[in-house]
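K.L.:
sequence and computational prediction follow.
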Amino acid sequence: MESTWHEGFQRRRAEAKAKRAAAAPKGTLPAVPPTPTRAASMPALEGFMKRQSAHQAAERSRKICLLQMKAARSVHEVDDVEFWGAQGKEGFRTYLVKKFGSIIAGWRHLDSDSNGRLTFYEWCNACRRMGYHGDLKQLWRELDVDLNGYVSLGEIDKEAGTLVGTFKLRLLEEYGDMLSAWRQGLDTNDSGRIEEPEVEACCSKLGLKVDTKKLYRMLRSTVSASTKGLTLDMFDADAYRRFLTGDIKGHCSGKNMEFLEDVPGLGTEIAVPDDVKSHKPGGALAFRNELKEQERSEVSKVVAEVYNDIRVGFCTPEGFRRFLVKRCGSMLGAWRTALDRDGNGRLTFGEFCVSLERLGSLGDVKGLWKALDLESKGYLVFADLDKETGDALDAMYAKFREAHGNLLMAWVKALDTKHRGFVDKKEFVTACKGVGYDGNA
């Protein structure tokens, strides 16, 4: 018995080979059976396929496969209808309106640098950034029909490009820049938001015969019906940036040709507005100098107003009276708390000088004294400062003295009857009527 199966197999194989070699004639090779050719095997294969296709189960499977292919094709067609990326230029416009609310809002997401045109590189990056899926190369070929290497708003939507561009050009021609146009031509009530009637009124003022309803819908950048009106950031991004930074003249702004690329004849028949041309270098420095000059002007104005108030206050009686009211609240309060501090009802020139020094007032004291003491009495009474109030007080005091003997008894018996230390308006008016005072209590 062999030690292993493999050794036995090898031995038997060698014995069989030796027997075949002994039985074969000398000098010849063993015969090899002929291989059937492809042409000879085709009839057999065709007969096999014919028998298989004629079978009932095979026919049923073929029909099921055809139905499945038809169903899959119809599903793909439905998906293509809802997939805006498969609808070319028209589908892209619909996608912008559905996603951003209007063609204008969608364009601003595409044209991030607001130069009014898109290169192919900007186009691809912007479409990927906002989640648009489609054949970008094919869509670019549909849009860039003039083969100039860039796309403008008018090539996406010609009506929107022409309408909005014409409106912006007329605003720039009329007001100089878009922020001034917003303040003076559109948002005239300073509400920060405009409605369709205000757009219509502005177009009428500019002499533009356009569809204001369509223009208003194009400028709005929200799909929410609850959001009312059009704000400055929706209207013009560069103007909104100027409003936030205070750079009204646009020193730090670049060339802003947004929506103007599609205006027919711009640059040839129509002059380009100065505000959208390339600004000179050094805009930041010019803006800083403007801020400094503005601050200097405001400080000078405030100082001049304060100086004029003080100067008028010490040169004329009317100015002095305004100064006392501003400082003490009323003429009677100023007389009692700042001028006639001893309460004797009169003010000498010495007391007048001391009072003015205490109030921090400097000026022509002698000239002011002469202007107030017209009768040259040598002293001032309250009527010299406010004759109407002084005469009314004298008449009221006379009535209270006539009725109660003196002012203290009048206070206790007629005015402060509840002994609270004060009276309100109603009690004061009642007491004045009670003593027969017929003035305006």
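P.N.:
All right, it came through fine.
K.L.:
quick check: chain neighbours aside, which residue is closest to the residue nearest in space to the middle of the chain?
P.N.:
Closest to where the C-alpha atoms of the chain average out (C-alpha atoms, centre = their mean) is residue 233, at 3.1 Å. Distances taken as C-beta to C-beta, 6 or more residues apart in numbering place residue 240 nearest to residue 233, at 4.2 Å, with adjacent residues excluded. Heads up, the C-betas are built off the backbone N, CA and C, glycines and all.
K.L.:
would you agree the one you found is in contact with residue 230?
P.N.:
No. The criterion here is C-beta atoms under 8 Å, and residue 240 misses it with residue 230 at 11.9 Å.
K.L.:
what are the ranges of the helices in the stretch 201-350 of the chain?
P.N.:
212-219, 232-235, 237-245, 283-315, 317-328, 331-334, 349-358 (DSSP state H, counting those that start in this stretch).
K.L.:
from residue 197, how far out is residue 166?
P.N.:
For residue 166, the distance to residue 197 equals 20 Å [C-beta to C-beta, to the nearest Å].
K.L.:
who has more neighbours, those two?
P.N.:
residue 166 (20 against 10; other C-beta atoms under 10 Å).
K.L.:
quick check: phi and psi on the residue nearest to the more buried one when sequence neighbours are not counted?
P.N.:
Sequence neighbours aside, residue 263 is the residue nearest to residue 166 in space, at 6.0 Å (criterion: C-beta to C-beta, 6+ apart). Main-chain dihedrals, residue 263, degrees, to the nearest 10: phi -80, psi 120.
K.L.:
name all residues that make contact with residue 263.
P.N.:
162, 165, 166, 169, 270 (C-beta atoms under 8 Å, 6 or more residues apart in numbering).
K.L.:
got TSV for those residues, with secondary structure and distance to residue 184 too?
P.N.:
Below are the contacts of residue 263 laid out as TSV (DSSP: H, G, I helix; E, B strand; the rest coil; distance: C-beta to C-beta, whole Å):
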residue	secondary structure	distance to residue 184
162	helix	25
165	helix	21
166	helix	19
169	helix	17
270	strand	22
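K.L.:
buried subset of those, written for ChimeraX?
P.N.:
The ChimeraX selection below is limited to those of the contacts of residue 263 classed as buried (16 or more other C-beta atoms under 10 Å):
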select :162,165,166,169
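K.L.:
and residue 125, how far from residue 118?
P.N.:
Counting by C-beta to C-beta, the gap from residue 125 to residue 118 is 10 Å.
K.L.:
same check on residue 142?
P.N.:
14 Å.
K.L.:
which one of those two is surrounded by more residues?
P.N.:
More crowded of residue 142 and residue 118, by other C-beta under 10 Å: residue 118, with 26 against 15.
K.L.:
got phi/psi on that one?
P.N.:
According to degrees, to the nearest 10, residue 118 has phi -130, psi 130.
K.L.:
burial count for the residue nearest to residue 233?
P.N.:
Neighbours of residue 240 (other C-beta under 10 Å): 17.
K.L.:
please apply the same query to residue 428.
P.N.:
14.
K.L.:
swap in residue 406?
P.N.:
Neighbour tally, residue 406, other C-beta under 10 Å: 10.
K.L.:
and for residue 119?
P.N.:
Residue 119: 12 neighbours (other C-beta under 10 Å).
K.L.:
name the residues linked to it by a beta bridge.
P.N.:
residue 150 (DSSP bridges).
K.L.:
that one contacts residue 144, doesn't it?
P.N.:
No. Between residue 119 and residue 144 there is no contact under C-beta under 8 Å: 10.1 Å.
K.L.:
next, show the common contact partners of these two.
P.N.:
Common neighbours of residue 119 and residue 144 (C-beta under 8 Å, 6+ apart) are residue 150.
K.L.:
and the closest residue to residue 192 other than its chain neighbours, backbone torsions?
P.N.:
Among residues not flanking residue 192 along the chain, residue 231 sits closest, at 6.6 Å (C-beta to C-beta, 6+ apart). Backbone torsions of residue 231, given as degrees, to the nearest 10, read phi -100, psi 170.
K.L.:
and residue 231, what pLDDT?
P.N.:
With respect to pLDDT, residue 231 has a value of 84.
K.L.:
these two touch, right, it and residue 193?
P.N.:
Yes. Using C-beta under 8 Å, residue 231 is in contact with residue 193, at 5.6 Å.
K.L.:
what about the stretch 101-250 of the chain, any weak spots by pLDDT?
P.N.:
221-227 (pLDDT under 70).
K.L.:
if we go to 80?
P.N.:
101-102, 112-116, 133-135, 219-229, 234, 237, 247-250 (pLDDT under 80).
K.L.:
would you agree residue 131 falls within a strand?
P.N.:
No. Using DSSP: H, G, I helix; E, B strand; the rest coil, the assignment for residue 131 is coil, not a strand.
K.L.:
and it, what does it touch?
P.N.:
residue 99.
K.L.:
how much space between it and residue 95?
P.N.:
Counting by C-beta to C-beta, the gap from residue 131 to residue 95 is 9 Å.
K.L.:
now do residue 128
P.N.:
When residue 128 is compared with residue 95 (using C-beta to C-beta), they lie 14 Å apart.
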